[in-house]
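Novice: Predicted model, plus sequence, below.
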Amino acid sequence: MTEKTRRMNRLHGLYFYAAFSIFALLFFPFIGAEKIDFQTILSDLQQGPITQIDTDIFIFHRLPRVLLAFLTGAVLAVSGNTFQVILRNSLATPYTLGVTGGAAVGAYIAIAVPALHFSFGKMTTVQLMAMAGSGIIVFLIYLASRKRNGISTHTMLLAGVTISIMCGALIILIRYLTKPNLLVSLDRWTMGRLDTVGFDSFYSTIPLSIIGLVLIGLNARTLNHISLGEDMAMGHGVDVAKVQKFCFIGGSIATASVVSVAGPIGFIGLIVPHVVRKISGFDNQIVMLGSFCMGGAFLVMCDAMARTLVAPTEIPVGVITALIGGPCFVYLLVKRS
């Protein structure tokens, strides 16, 4: 395959990712238990409210929900790819590294202790505690895996898995001590949820998500060298320790930001980067953009399915992503072998 052919394939891949994400953002806000007609919304916005209920549902429920779903899926997919590259392990995700486990412990404490229920600007206690939990775990993992010339990827994976198990034990303990009337709230957060009213939840995730994605994006090209091995990367003049640190911190804070609102939605950070690499190859600049678009569109699609499959009852979106992502990933593994 010539370089020109590779370039054209990458370009076609980017067109596909962009088209799929635009389609998801434009189409799925109108899908749900209550069907909304585009012409009705357009008429309300141009001429004043005719059927105000449809407009309110669209503006204050569907639109912020779809935007939150897209940002969450995009961040989880990009972070998953980043961790897989810097650790050179195709199974590395925010979950295997304990980032979401820390968020879960923080969120559980906030939900289980009513005295902690307050808001800080647009952020709730659950969000703040979830991000604090993730921050503590990230700090501990980084301390455990730090070495003079970078990060010990083996130690980081072992530390992440160990801390994830410890977080799981703490979650069981908190559930055991929590009042029965609060267990439903704990379960809803655990299974992933995107039901939101207004844009506050979406707005609250934007600052840290942008910071994290920028830290990753600035190092996307350098990650191509690291994916070939640390020694080869250093031979090309790459400061491996610096790149690993910035990418790990960027992926962690972006993940903590969205998980604090949406809960631990699984498989996106694992399956989406693999699918994008299958389509576009291993250039991380392309894979990052593809993961951003495909991850966001995939979660928007899964959320629409969660709203409609057994309407008016709603399935937790984390269940949908697991039911779709699990078999897809097994298929990719079998096909590769």
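Specialist: It's in.

Novice: the strands in the stretch 101-250 of the chain, which residues?
Specialist: In order along the chain, the stretch 101-250 of the chain carries the following strands (DSSP state E, counting those that start in this stretch): 119-120, 123-124, 146-147, 150-151.

Novice: Any chance of CSV for those strands, columns distance to Leu309 and mean pLDDT?
Specialist: C-beta: built from backbone N, CA, C; applies to glycine. Output for the strands of the stretch 101-250 of the chain, formatted as CSV (distance: least, CB to CB, whole Å; pLDDT from 0 to 100):
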stretch, distance to Leu309, mean pLDDT
strand 119-120, 32, 68
strand 123-124, 28, 80
strand 146-147, 45, 80
strand 150-151, 42, 75
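
Novice: Am I right that Phe311 is in a helix?
Specialist: I think there's a mix-up here, since residue 311 is Ala and not Phe. No. Note on Ala311: no helix contains this position according to DSSP: H, G, I helix; E, B strand; the rest coil, which reports coil.

Novice: is it true that it touches Gly32?
Specialist: Yes. Taking CB atoms under 8 Å as the contact criterion, Ala311 and Gly32 are neighbours in contact, 7.3 Å apart.

Novice: more neighbours, these two?
Specialist: Using other CB atoms under 10 Å, the more surrounded residue of Ala311 and Gly32 is Gly32, with 21 against 13.

Novice: so what's the more buried one up against?
Specialist: The contact partners of Gly32, by CB atoms under 8 Å, 6 or more residues apart in numbering, come to 62, 304, 307-308, 311.

Novice: rerun at 7 Å
Specialist: 62, 307-308 (CB atoms under 7 Å, 6 or more residues apart in numbering).

Novice: Please state the backbone phi and psi of it?
Specialist: Main-chain torsions, Gly32, degrees, to the nearest 10: phi 170, psi -170.

Novice: Distance of it relative to Ala304?
Specialist: When CB to CB, to the nearest Å is applied, the distance between Gly32 and Ala304 equals 7 Å.

Novice: Residue ranges in this protein under the pLDDT threshold?
Specialist: Low-confidence regions of the chain, defined by pLDDT under 70, span residues 1-6, 42-51, 118-122, 149, 197, 336-337.

Novice: List the residues that contact Gly160.
Specialist: Under the criterion of CB under 7 Å, 6+ apart, the contact partners of Gly160 comprise 96-98, 141.

Novice: Inside helices: which ones of these?
Specialist: With helices taken from DSSP state H, the overlap with the contacts of Gly160 comprises Ile141.

Novice: Val276: what's its closest spatial neighbour, skipping adjacent residues?
Specialist: Closest residue in space to Val276, ignoring its immediate chain neighbours: Gly290 at 3.8 Å, by CB to CB, 6 or more residues apart in numbering.

Novice: if you compare the strands of the stretch 101-250 of the chain, which one is most tucked away?
Specialist: Highest mean neighbour count of the strands of the stretch 101-250 of the chain: strand 150-151, a mean of 22 (counted as mean count of other CB atoms under 10 Å).

Novice: Which secondary structure elements does it sit against?
Specialist: helix 240-262 (3 or more CB pairs under 7 Å, 6 or more residues apart in numbering; DSSP states H and E).

Novice: thinking again about what came up before, of the contacts of Gly160, closest to Val317?
Specialist: Taking CB to CB as the measure, Val317 sits nearest to Thr96 out of those, at 20.5 Å.
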